[in-house]
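Colleague: Give me a model of this one.
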Amino acid sequence: MKPLLPVLAIVVALTGGHARANVLEYALPELVGLSGAPPETTWVVYTGDVAVVTAVSLNITGLVSQLGVLECGQPPTPAVWTLDIGVSVRKPLEADYWSGLATLSETGTFDVTVALSPGGFTGLDPGDVIAVEYTFAPSAFPASCTPVGDPPLGATGSITLVLEVDYPIPLDASTWGRIKALYAD
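Modeller: All right, here's what the predicted structure looks like:
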């Protein structure tokens, strides 16, 4: 057992006490629906331990039933009118947020992960509230383009908020003394 203790001491020293990492998933059924609806916000209450947020994303499944057509420029040139999924995640009363955008440019089923850019909260405490702001709508297009026919249309089937977090593990200051004492013989 004594030969393994130096290795254990090095591992603990290198990890700095951050040994537990998790991926937390929160289903958001209240955001599921058709494209073109007004932006929506839902709330998640974090009930876990104190955590450091390392990544935030949204997993979304659904169906794009039709894309739109745009005519752009002179002479008019046809272009595809796509659907956008926009997401921001924040804690209330904080100005900074995590955000991301995905563009759907093909018809059929989709399973997309919108990885959000860092910039928001980095810590979570039990009881913290997280706001998820979500938009699923036809993409904006330049003023030089004109829609022809119906706009793009889609529907979401499931939406899941994914938080990647580290749980700091506090180290007792007496731990190092105990390890040294084992080698004092």
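
Colleague: name the element the residue nearest the centre of the chain belongs to?
Modeller: Most central in the chain under C-alpha atoms, centre = their mean is residue 57, positioned 1.5 Å from the mean C-alpha point. According to DSSP states H and E, residue 57 maps onto strand 51-66.

Colleague: Can you show me the helices along the chain?
Modeller: Taking DSSP state H, the helices of the chain run over residues 4-15, 174-182.

Colleague: just for this structure, where's the confidence low?
Modeller: Within the chain, the segments meeting pLDDT under 70 span 1-21, 170-185.

Colleague: same thing but 90
Modeller: By pLDDT under 90, the low-scoring segments of the chain are 1-22, 37, 47-52, 92-96, 118-125, 166-185.

Colleague: what about the strands in it?
Modeller: Listed in chain order, the strands found in the chain under DSSP state E are 20-27, 40-45, 51-66, 68-72, 77-81, 83-90, 98-104, 108-115, 123-124, 129-138, 145-148, 153-167.

Colleague: right, so of the ones you listed, which gets closest to residue 33?
Modeller: Counting by C-beta to C-beta, residue 33 lies closest to strand 153-167 out of the strands of the chain; the figure is 6.4 Å. To be clear about C-beta, it is placed using only N, CA and C from the backbone, and glycine gets the same treatment.

Colleague: sorry, back to before: determine the set of other helices and strands touching the strand holding residue 57.
Modeller: strand 20-27, strand 83-90, strand 98-104, strand 108-115, strand 123-124, strand 153-167 (3 or more C-beta pairs under 8 Å, 6 or more residues apart in numbering; DSSP states H and E).
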